[in-house]
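Visitor: Give the three-dimensional model of this entry:
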Amino acid sequence: MPENWRLKFLLSLSLLLIALYFLFPTLAHFEQIREKADQSGEEPPFYVNLFPREEIKLGLDLRGGIYVELEVEVEDAVRNRADLITTEIERLTASEPFQPEKLLRDPEGSGIVVTLQKEEDRSPFRNWINRNYRDILLEKEGKNGEKTVPLDLTPSFRKQTEDSATRQSLETIRNRIDRYGVAEPSIVRLGQNRISVELPGMSDPDRALALIKKAGRLEFKMVDESVPDDEVRRIVSEAKGTDDETFTEEAVKKLNDLLKGKIPEESEVLFEIQRDPVTKKIVGGLPYLLKKKTEVTGEMLRNAQVNVQDNEPYVSLSLNPLGTRLFADLTKANVGKRLAIVLDGSVSKAPVIKSEIPSGEAQITLGFGDYSALLREAEDLTLVLREGALPARLKELTKTVVGPSLGRDSIDRGVRVSWVAGLLVMLFMIVYYRLSGLLADLALTFNILMTLGALAIFQATLTLPGIAGIVLTIGMAVDANVLIFERMREELRAGRTARSALQAGYQNAMRAILDSNITTFLAAVVLYQFGTGPIRGFAVTLMIGITTTLFTAIVLTRVLQEGILFGLKRERLSV
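Guide: Numbering: from 1, shown residues only. Modelled structure (predicted):
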């Protein structure tokens, strides 16, 4: 008997026991046992704690939940960055002799239009921009001698901003989902500006999706008092038409395009959305004429929390030191005027500033209605504000919702198909290769147990395509044995002894087995790297299955055959 036979046998037995140890909690449904014990207030049976706590994770298609692909509208982030740079230039040049008369961001893009007080200020202002914004801004072509200086973001800074927006959106979504409490989410970046989100086991997918997509963009803007409220409502009514009750950001932007020339250039119209207190459906919108300039932003937010007053939940805000100072200066300079709190492009409220507010605190009310619904809305808003605003809007590209019953049906069908495929393959091997086929079937069973055990050990996610990967692994495992057995038959026909044919069969088939399995493994690596969701699940099980297939075909099956030939001292191979 070969010297390393016992070592190979002990290694195979050890791997089998390890796989069963990690797989047993899944097979015995320990998670359900623990849940029942928690519900009854009792301790689970002692043997439950002897095994790992984690079971094989099920993917979205088996467990139920939501899958959505989102596109980050990076142009929004670029425009927002241009707005911040505009405000920053205005603040930094306030004490300069060439202080601009007006700074406006081009409403159609990311350009910044600077209007100087004198033509002579053009040269010192350009020098100042070159010193402070060399890699950020560049001057667009314009007529010399004019007081207007058109600026735009450099291509490199624009690309950096777009990439940063996607990465920040990814992290913001992940933080929101983690705080929301979803177990085992999958949040992956796709390409330049797309994000895929998988939330398995979701009981309220619509609420989770709303939480993900909510921009959380908080702004404080002054109400433009130069036009009376009645006049604003009249102008808006004429522009919108009586039947148009759409108040999305896109609709509001189109409305402001129609109002050009009818309202001040530095102002815009935003709406306070009015909802039915019972159904929460939009029933109207109250227009406000606001200054485009954002005085304080959500980036200056220090904390947000839910409070209740007169049985009505609301969100209280507190600003960081910079925000508190700016908020105090703003309220001190505008006593008697209205300050609008704008959330995601809609006016939350626009109270009159009665006195300076040095504390840097404000409130967002949520209206009237069902207490529990308002409390849930306040909690979601608080979570969004705490985790930070999205740098840009998210556009929903695809959405798939899988119910738990459909997931259970997928599991049942997948297991049934695997059993049928496995039994057919095993029957063929026994009929065609006799005792060697039976040994290959034992190795195949070992292979499946090792694959499932590896999924449990590494906490990989099993998906419906993953079950298909296991079925494919069954075929590939048998294919390796078929190559070996056919080589052995050729050696036996050539007149070699059983022991010589066994050795030559494995040696001659090794190259073909390695070539086919390694190339398939590399294809699975590519699928995992560039695939999403179910495709990655298929790739994971395929890679694990190929690894276990190589071990069982090359090591385990040979160990069993050597045990029969050398241990039982047989002189013939049943192949």
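
Visitor: which residues does the closest residue in space to Val352 that isn't next to it in sequence contact?
Guide: In space, and not counting its chain neighbours, Val352 is closest to Arg338: 5.3 Å by CB to CB, 6 or more residues apart in numbering. Any C-beta I mention is one placed from the backbone N, CA and C, and that applies to glycine too. Neighbouring residues of Arg338 by CB atoms under 8 Å, 6 or more residues apart in numbering: Met222, Val223, Glu225, Ala350, Pro351, Val352, Ile353.

Visitor: per-residue confidence at the second one?
Guide: Per-residue confidence for Val223 comes out at a pLDDT of 92.

Visitor: again, but for the last one
Guide: The pLDDT attached to Ile353 in the predicted structure is 86.

Visitor: Just give the number of residues close to the nearest residue to it once chain neighbours are set aside.
Guide: Ranked by CB to CB, 6+ apart and with sequence neighbours excluded, the top spatial neighbour of Ile353 is Thr331, at 5.0 Å. For Thr331, the count of nearby residues is 21 (other CB atoms under 10 Å).

Visitor: Flag the shaky bits of the stretch 401-550 of the chain, pLDDT-wise.
Guide: 403-408, 410-411, 532-533 (pLDDT under 70).

Visitor: ranges for the helices of it?
Guide: Along the stretch 401-550 of the chain, the segments classed as helices by DSSP state H, counting those that start in this stretch run 404-457, 464-493, 498-530, 534-551.

Visitor: In a markdown table: the ones you listed, plus distance to Ser359 and mean neighbour count.
Guide: Formatted as a markdown table, those follow (distance: least, CB to CB, whole Å; neighbours: other CB atoms under 10 Å):
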| stretch | distance to Ser359 | mean neighbour count |
| --- | --- | --- |
| helix 404-457 | 48 | 18 |
| helix 464-493 | 55 | 21 |
| helix 498-530 | 52 | 16 |
| helix 534-551 | 50 | 23 |
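
Visitor: out of those, nearest to Ile177?
Guide: Proximity to Ile177 (CB to CB) singles out helix 534-551 among the helices of the stretch 401-550 of the chain, at 18.1 Å.

Visitor: How about residues contacting the closest one?
Guide: Helix 534-551 is contacted from outside by 15, 59-61, 447, 450-451, 454-455, 460-470, 472-473, 476-477, 480, 513-514, 517, 520-521, 524-525, 527-528, 531, using CB under 8 Å, 6+ apart.

Visitor: Would you mind getting the angle between that helix and helix 404-457?
Guide: Orientation check (axes from the mean of the first three to the mean of the last three CA atoms, to 10 degrees): helix 534-551 against helix 404-457 gives 40 degrees.

Visitor: related to what we said a few turns ago, report the separation between the residue nearest to Ile353 and Glu219.
Guide: Thr331 is 15 Å from Glu219, where distance means CB to CB, to the nearest Å.

Visitor: One more: Glu43?
Guide: Taken as CB to CB, the span from Glu43 to Glu219 is 53 Å.

Visitor: for Pro228, same thing?
Guide: Distance of Pro228 to Glu219, computed by CB to CB: 24 Å.

Visitor: Those two: which is more packed in?
Guide: Glu219 (21 against 10).

Visitor: The more buried one belongs to a helix, doesn't it?
Guide: No - read with DSSP: H, G, I helix; E, B strand; the rest coil, Glu219 is strand and lies in no helix.

Visitor: Would you confirm that it contacts Gly298?
Guide: Yes - contact criterion CB atoms under 8 Å: Glu219 and Gly298 qualify, at 7.1 Å.

Visitor: Go ahead and list the helix or strand containing Asn175.
Guide: Assigned by DSSP states H and E, Asn175 belongs to helix 155-180.

Visitor: That helix - contacts with which helices or strands?
Guide: Judged by 3 or more CB pairs under 8 Å, 6 or more residues apart in numbering; DSSP states H and E, helix 155-180 is in contact with strand 65-72, helix 74-92, strand 186-190, strand 194-200, helix 205-213, helix 371-387.

Visitor: will you turn those into a markdown table that also has mean pLDDT?
Guide: Converted to a markdown table, those look like this (pLDDT from 0 to 100):
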| stretch | mean pLDDT |
| --- | --- |
| strand 65-72 | 85 |
| helix 74-92 | 83 |
| strand 186-190 | 83 |
| strand 194-200 | 84 |
| helix 205-213 | 74 |
| helix 371-387 | 71 |
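
Visitor: Export those as a markdown table, with columns for mean neighbour count.
Guide: Converted to a markdown table, the helices and strands packed on helix 155-180 look like this (neighbours: other CB atoms under 10 Å):
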| stretch | mean neighbour count |
| --- | --- |
| strand 65-72 | 22 |
| helix 74-92 | 18 |
| strand 186-190 | 17 |
| strand 194-200 | 22 |
| helix 205-213 | 18 |
| helix 371-387 | 18 |
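
Visitor: Spit out the contact partners of the closest residue to Thr26 other than its chain neighbours.
Guide: Leaving aside its sequence neighbours, Thr26 sits nearest to Glu55 (CB to CB, 6+ apart; 4.3 Å). Contacts for Glu55 (CB under 8 Å, 6+ apart) come out as Pro25, Thr26, Phe30, Glu31, Ala456.

Visitor: Quick one, which of those residues has the minimum pLDDT?
Guide: The minimum pLDDT among these falls on Glu31, with 77.

Visitor: Can you list the buried residues in the helix or strand hosting that one?
Guide: Assigned by DSSP H and E, Glu31 belongs to helix 30-40. Using 16 or more other CB atoms under 10 Å as the test for burial, helix 30-40 gives Phe30, Arg34.

Visitor: what's whichever helix or strand comes after it packed up against?
Guide: Counting by DSSP H and E, the next helix or strand C-terminal to helix 30-40 is strand 57-58. Secondary-structure packing of strand 57-58 (3+ CB pairs under 8 Å, 6+ apart): strand 461-462.

Visitor: Contacts only, for the residue nearest the centre of the chain.
Guide: Taking CA atoms, centre = their mean, the centroid of the chain lies closest to Ile187, which sits 2.5 Å from it. If you count contacts by CB under 8 Å, 6+ apart, Ile187 has them with Leu170, Ile173, Arg174, Ile177, Ile195, Ser196, Val197, Glu198.

Visitor: Let me see the domain layout of this structure.
Guide: 5-21+405-567, 75-158, 214-401 (automatic domain parsing).

Visitor: now the ones you listed in CSV, with distance to Glu35?
Guide: Below are these laid out as CSV (distance: least, CB to CB, whole Å):
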stretch, distance to Glu35
domain 5-21+405-567, 16
domain 75-158, 43
domain 214-401, 24
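
Visitor: of all those, which lies closest to Asn49?
Guide: domain 5-21+405-567 (13.6 Å).

Visitor: what's the distance between that closest one and the middle of its chain?
Guide: From the chain centre to the centre of domain 5-21+405-567 is a distance of 34 Å (CA atoms, centre = their mean, to the nearest Å).

Visitor: what does stretch 560-575 give?
Guide: 55 Å.

Visitor: How about residues contacting it?
Guide: Counting by CB under 8 Å, 6+ apart, 1-2, 5, 9, 433-436, 439, 442-443, 485, 488-489, 492, 497-499, 501-502 sit against stretch 560-575.

Visitor: For that stretch, buried residues please.
Guide: Leu560, Gln561, Glu562, Gly563, Ile564, Leu565, Leu573, Val575.

Visitor: What about the residues you listed, which are in helices?
Guide: Counting by DSSP state H, those place Leu560, Gln561, Glu562 in helices.

Visitor: Before we move on, what's the pLDDT of the first one?
Guide: The pLDDT attached to Leu560 in the predicted structure is 84.

Visitor: Now the residue located most distally from the centre of the chain: phi and psi?
Guide: Relative to the centre of the chain, and counting by CA atoms, centre = their mean, the farthest-placed residue is Gly495 at 62.5 Å. Note on Gly495: its backbone torsions stand at phi 100, psi 10 [degrees, to the nearest 10].

Visitor: Could you tell me how far it is located from Ala501?
Guide: For Gly495, the distance to Ala501 equals 9 Å [CB to CB].

Visitor: residues contacting Ile470?
Guide: Ser418, Ile448, Thr451, Leu452, Thr541, Gly545.
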